[in-house]
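Student: after the sequence you'll find the predicted model.
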Amino acid sequence: MDVMIWIGAAISAAGLAGILWCIIAVARARRAGLGDAALRLRLQKAVTLNLAALLTSVLGLMLVVLGIVLG
């Protein structure tokens, strides 16, 4: 079950990287001085990617917990 724990940790790390990327993308969009409609469009894309990254991170953590429980 050690393999399951490491795979889950890697998936969680990928999800965390996606969340950090979303934070950076939103900060860049806010600093770009875009109009209201363009900023809203970029933020909608970032929210979608943020939720996908959060789901990935949660699934990885579930694998880690499952590996610990089964191991």
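Tutor: Perfect, thanks for sending it. Since this is a predicted model, take the numbers as computed values, not measurements.
Student: for the residue most central in space within the chain, give me its contacts.
Tutor: When C-alpha atoms, centre = their mean is applied to the chain, the residue found nearest the centroid is residue 53 (2.4 Å). By C-beta atoms under 8 Å, 6 or more residues apart in numbering, the contact list for residue 53 reads 15-19, 21-22. All C-beta atoms are positioned from the backbone trio N, CA, C, and that covers glycine.
Student: closest to residue 3 among those residues?
Tutor: Among the contacts of residue 53, residue 15 lies closest to residue 3 (C-beta to C-beta), at 18.8 Å.
Student: that closest one touches residue 57, doesn't it?
Tutor: Yes. Applying C-beta atoms under 8 Å, one finds residue 15 in contact with residue 57, separated by 2.8 Å.
Student: and for those two, which residues touch both?
Tutor: By C-beta under 8 Å, 6+ apart, residue 15 and residue 57 have no common neighbours.
Student: where's the residue nearest to the centre of the chain relative to residue 33, distance?
Tutor: For residue 53, the distance to residue 33 equals 26 Å [C-beta to C-beta, to the nearest Å].
Student: now do the SS call for the residue nearest to the centre of the chain.
Tutor: What DSSP: H, G, I helix; E, B strand; the rest coil gives for residue 53 is helix.
Student: just give the nearest non-adjacent residue to it, would you?
Tutor: Counting by C-beta to C-beta, 6 or more residues apart in numbering, residue 18 is the residue found nearest to residue 53 once chain neighbours are left out, at 2.9 Å.
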